[in-house]
Each structure stands twice: as C-alpha cells, then as structure tokens.
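A.B. asks: return atomic coordinates for the entry below.
(one chain, ligands or ions: 1)
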Amino acid sequence: MSAIQGRVVIISGPSGAGKSTLVQEVLRICPLPLALSISATTRAPRPDEVDGTAYHFLTPEEFERRRKAGHFLEYEEVFGQGLWYGTLEQSITDGLEAGQWVILEIDVAGAMTVIDRIPDAITIFIHPGSMQELENRLRNRKTDSEEAITKRLEVAHHEMANRDKYQHQVINDDVKRAANEVSTILQAAENI
Ligand code: 5GP
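C.D. replies: Okay, here's the model as predicted:
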C-alpha cells in the first residue's frame, strides 16, 4: 500500500447500535471526501440488501478462496456459526490512493488487526442509546432468528467491554446529533 494519501476511519459498535444509518448520515453531511468500504460476508442478504452495495455476498468457498489468496486486510467469524466477514484490501486501497477517507464498519477484533497494520487509523466506537434499545432494534428488524438475536446480544456485551480501545466514543441516542459529532471528530483529525 504505497502512496497512501487518504485516512482509514474505523467505526465499531454492537450490531443493532444503528451504525449503518449513522454512517450514511455522516457520508451525507461531512465535507471530507469520505468513502465506505464494502465488506465481504458469507451471511445471507437481508431482503433490502443489494449485493455489492450492502456487502459483497460470497459463498463460504469463495470467501475461503479469497482468504487463501491474501485478498483480505482482516477477516473475522463475527458471530460464530460459520458467518464470516472481511475487509477486502481492494475495497480500501483505491479510495486511499485517490485521497479519500475510507470508513470501515467492522467488529472489535477486526479493528485491532487493522490498527496493527494501519496505526494512524482514526477509531470511533458507537454506543447504542441503551442495551434495551439495542435489543429492541435487533428484534424490530425481524430478519434474525431468536438464536441469532441471542448470539448478537452476547457479542454486543463483548464489544461494549472493549470500547476503551477506541480513540473516540459516540452515543447514538439521536442519529443527526451523533452524525454531527462523528463529522466534527473527523474534521478535527484532518490536520493530525
Ligand atoms: P450485520 O450482519 O448486522 O450486517 O453485521 C454484523 C457485524 O459485523 C457489524 O456490527 C460489524 O461490526 C461486523 N462487520 C461487518 N463487516 C465486517 C468486516 O469486514 N470485518 C469485520 N471484522 N467485521 C465486520
């Protein structure tokens, strides 16, 4: 990864914290040249998810082929159960070389791998308003089984326990307010 001009921005937080909606709002309001890295996953698309936009949806075999070929900057089996998620190196290098600030929306374990490899990454942890709200969001989505929801809540507690590893923490109590806060953090980092 030579001639890197842009910055890497890592956004983590429990599944159901509203990260995706928040990130879309940050992309809309922040004046910096932001781009979102599209991860690869072996989980099935939800009804509203488009391949290549939400994720690159891969079969387990294709994910494994790309992993062995060294295409991933990081990859994790986020919720166990054979569900793999990973950041494709290609998803970030093009943006960085074009001077963009590339946002990675990834779990805590993946974030630690990226920080090792890209130490000047900006790291932001998104809190759900409350754990009850997080559970409500997971249930209202009506796309996950009871077993999947239980697993996501378990992983959420683990993610929350690691929040101090991030440079910044933002509470997503109101999406517009939280997006403004993230945008301010990024603009303040512009000259660092
Ligand atoms: P979901 O299945 O709800 O789309 O995503 C679940 C979680 O997977 C997200 O909360 C996010 O933290 C994590 N995730 C998404 N993409 C990646 C990735 O490329 N790498 C890693 N390590 N985690 C990811």
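
A.B. asks: got the phi and psi for the closest residue to residue 54 other than its chain neighbours?
C.D. replies: In space, not counting the residues next to it along the chain, residue 54 is nearest to residue 45; the distance is 6.9 Å by Cβ to Cβ, 6 or more residues apart in numbering. In short, each C-beta sits where N, CA and C put it, glycine included. Dihedral angles of residue 45 (phi, psi; degrees, to the nearest 10) stand at phi -60, psi 140.

A.B. asks: number of nearby residues for residue 45?
C.D. replies: Using other Cβ atoms under 10 Å, residue 45 has 13 neighbouring residues.

A.B. asks: now swap in residue 135 and tell me
C.D. replies: 16.

A.B. asks: just the one 5 residues further on next, same as before
C.D. replies: Other residues within reach of residue 140 by the criterion other Cβ under 10 Å amount to 9.

A.B. asks: list the contacts for it?
C.D. replies: For residue 140, no residue meets the contact criterion (Cβ atoms under 8 Å, 6 or more residues apart in numbering).

A.B. asks: close to the ligand, is the helix of greatest length in the chain?
C.D. replies: Counting by DSSP state H, the longest helix found in the chain is helix 146-161. No: applying Cβ under 6 Å from any ligand atom, one finds helix 146-161 out of contact with the ligand, separated by at least 7.6 Å.

A.B. asks: okay, residue 22 and residue 39: tell me how far apart.
C.D. replies: With the distance defined as Cβ to Cβ, to the nearest Å, residue 22 ends up 16 Å from residue 39.

A.B. asks: name the residues of the helix or strand of the chain with the lowest mean pLDDT that are buried.
C.D. replies: Within the chain, no helix or strand scores below helix 131-140, which has a mean of 88 by mean pLDDT, DSSP states H and E. Residues 133, 134, 135, 137, 138 are the ones in helix 131-140 that count as buried (16 or more other Cβ atoms under 10 Å).

A.B. asks: could the residues you listed be laid out in JSON lines, adding distance to residue 97?
C.D. replies: Converted to JSON lines, the buried residues of helix 131-140 look like this (distance: Cβ to Cβ, whole Å):
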{"residue": "133", "distance to residue 97": "39"}
{"residue": "134", "distance to residue 97": "36"}
{"residue": "135", "distance to residue 97": "41"}
{"residue": "137", "distance to residue 97": "36"}
{"residue": "138", "distance to residue 97": "37"}
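
A.B. asks: the residues you listed: which ones sit near the ligand?
C.D. replies: Counting by Cβ under 6 Å from any ligand atom, no member of the buried residues of helix 131-140 reaches the ligand.

A.B. asks: in this structure residue 46 contacts residue 148, no?
C.D. replies: No: using Cβ atoms under 8 Å as the test, residue 46 is too far from residue 148 to be in contact (11.5 Å).

A.B. asks: thank you kindly, that will do.
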